[in-house]
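Trainee: fold the following.
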Amino acid sequence: MRISVVVPVRNEEASVRELLDSLLNQTRLPDEIVITDGGSTDRTTQIIKEYTQKAVTVTLIRTDEALPGRGRNLAARSARFEWLGFIDGGIRPAKNWLEALAMRAEQDESIDVVYGSWEPVTDTFFKECAAIAYVPPPIEQGGFRIRPRFIASSLIRRDAWRAVEGFPENLRSGEDLIFMNRVEAAGFRFVFEPLAVVYWSIRPTFGATFARFVVYSRNNIRAGLWRQWQAAILTRYFLLVALALPGLLLGPFWLWLPLLYWMLMLLARGLTALRRNRFCYPAPTGRNLKRLIVLAPLIATLDAAAIVGTVQWLVMDSYRWSNKAVAEAGDGA
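Mentor: Predicted coordinates:
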């Protein structure tokens, strides 16, 4: 089998060199690497050009303002081989990543998709807490720990990508979930290969986490996936607002009730996250208490991002779509 590795990037000067070095030093080398730069304003393209000049297997496609879905589609269309290996900028594959994916696909010719594994990089205490707060823990299967499917650690037949017409191109996030759901719904067979591991970087601060999850939230609604995340959060906060309403009639003292409930809710969710990840990140009681001190405000940050992203969608996207529908109706009249 021959494999084209597909990579969408934008403003990845800090990580793209490590990614390319890792791909070019795999135990099973890719037959080609096709990178789409979606409009970088830093040195990303200059760095990639260094590799195109010294490695004939590296091809760079440049385009303006391409979101990840369009970047992957452009690279996949230009790729020459039957199998497409997907990975993203900011991610580092283990040395045997591609070999493990390829070996799993070669074991059974009926397989169309192989999902590898992935691990968050937890090289600081904050990142460790962030992983506990929002990274889905793995499940035990066949003696291995398997995390949910991840497009940036996958090997897919070109026919499967073509059959579902590629990735949605108008989403900043969530396009990977839609694509994977469509591939599954189309009846293509997929398997997991836990030995094919990539390492995913977590946002290192509260501010960076908030900004990233605002984007996730807004695009989650665009993708029609809001029930999987925002629905539960918005329900909780509607209840908090309902609890606060009596305070307007009974006096400010009663506003302490929803505030206390909110703090207890954050602590409970922090404890739940610690329990859920106790096998991934084992620690003594003292360290877990320190984690809990970070987890409570971190979970509040994620909630705030979900709410802000939802409001952004309501104010900007929904309003724009409504105006567009009105304009189209007027043109039709």
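
Trainee: let's see the helix or strand hosting residue 47 as PDB, backbone CA atoms only.
Mentor: Residue 47 belongs to helix 44-54 when elements are defined using DSSP states H and E. Below are the C-alpha coordinates for helix 44-54, written out as PDB (Å, rounded to 0.1, in the frame of the first residue of the first chain):
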ATOM      1  CA  THR A  44       5.100  28.600   8.500                       C
ATOM      2  CA  THR A  45       5.400  28.600   4.700                       C
ATOM      3  CA  GLN A  46       9.100  29.500   4.700                       C
ATOM      4  CA  ILE A  47       9.800  26.600   7.000                       C
ATOM      5  CA  ILE A  48       7.800  24.200   4.900                       C
ATOM      6  CA  LYS A  49       9.600  25.400   1.700                       C
ATOM      7  CA  GLU A  50      12.900  24.300   3.300                       C
ATOM      8  CA  TYR A  51      11.600  20.800   3.400                       C
ATOM      9  CA  THR A  52      10.100  20.800  -0.100                       C
ATOM     10  CA  GLN A  53      13.600  21.700  -1.400                       C
ATOM     11  CA  LYS A  54      15.400  18.900   0.400                       C
END
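
Trainee: now do the buried residues in stretch 67-80.
Mentor: Buried residues in stretch 67-80, counted by 16 or more other C-beta atoms under 10 Å: 67-76, 79. Every residue, glycine included, has its C-beta placed from N, CA and C.

Trainee: and what of stretch 266-284?
Mentor: 266, 269-270, 273-274, 277, 280-281.

Trainee: same check on stretch 34-49?
Mentor: So, applying 16+ other C-beta under 10 Å, buried residues of stretch 34-49: 34-40, 44-45, 47-48.

Trainee: ok, the buried residues of stretch 67-80 vs residue 294, which is closest?
Mentor: When those are compared for distance to residue 294 (C-beta to C-beta), residue 68 wins out at 29.3 Å.

Trainee: once you drop chain neighbours, what's closest to the closest one?
Mentor: residue 8 (4.8 Å; C-beta to C-beta, 6 or more residues apart in numbering).

Trainee: enumerate every residue touching the one you found.
Mentor: 35-36, 38, 66, 68, 70-72, 75, 88-89 (C-beta atoms under 8 Å, 6 or more residues apart in numbering).

Trainee: least confident pick among the residues you listed?
Mentor: The weakest per-residue confidence within the contacts of residue 8 falls on residue 66 (89).

Trainee: can you count the residues close to that residue?
Mentor: By other C-beta atoms under 10 Å, the residues close to residue 66 number 21.

Trainee: and the closest residue in space to it that isn't next to it in sequence, how far from residue 55?
Mentor: In this structure, residue 66 finds its nearest non-sequential neighbour in residue 38, 3.3 Å apart by C-beta to C-beta, 6+ apart. Residue 38 sits 21 Å away from residue 55, taking C-beta to C-beta, to the nearest Å as the criterion.

Trainee: quick one, helices of the stretch 1-150 of the chain?
Mentor: Along the stretch 1-150 of the chain, counting by DSSP state H, counting those that start in this stretch, helices occupy 16-23, 44-54, 68-78, 97-106, 125-134.

Trainee: re the thing from before, most widely separated two among the buried residues of stretch 34-49?
Mentor: 34 and 39 (16.9 Å).

Trainee: show me which residues of the helix or strand hosting residue 182 are buried.
Mentor: Element membership for residue 182, per DSSP H and E: helix 175-185. Using 16+ other C-beta under 10 Å as the test for burial, helix 175-185 gives 175-180, 182-183.

Trainee: neighbours around residue 249, how many?
Mentor: Neighbours of residue 249 (other C-beta under 10 Å): 7.

Trainee: could you say which helix or strand contains it?
Mentor: Per DSSP H and E: helix 230-250 holds residue 249.
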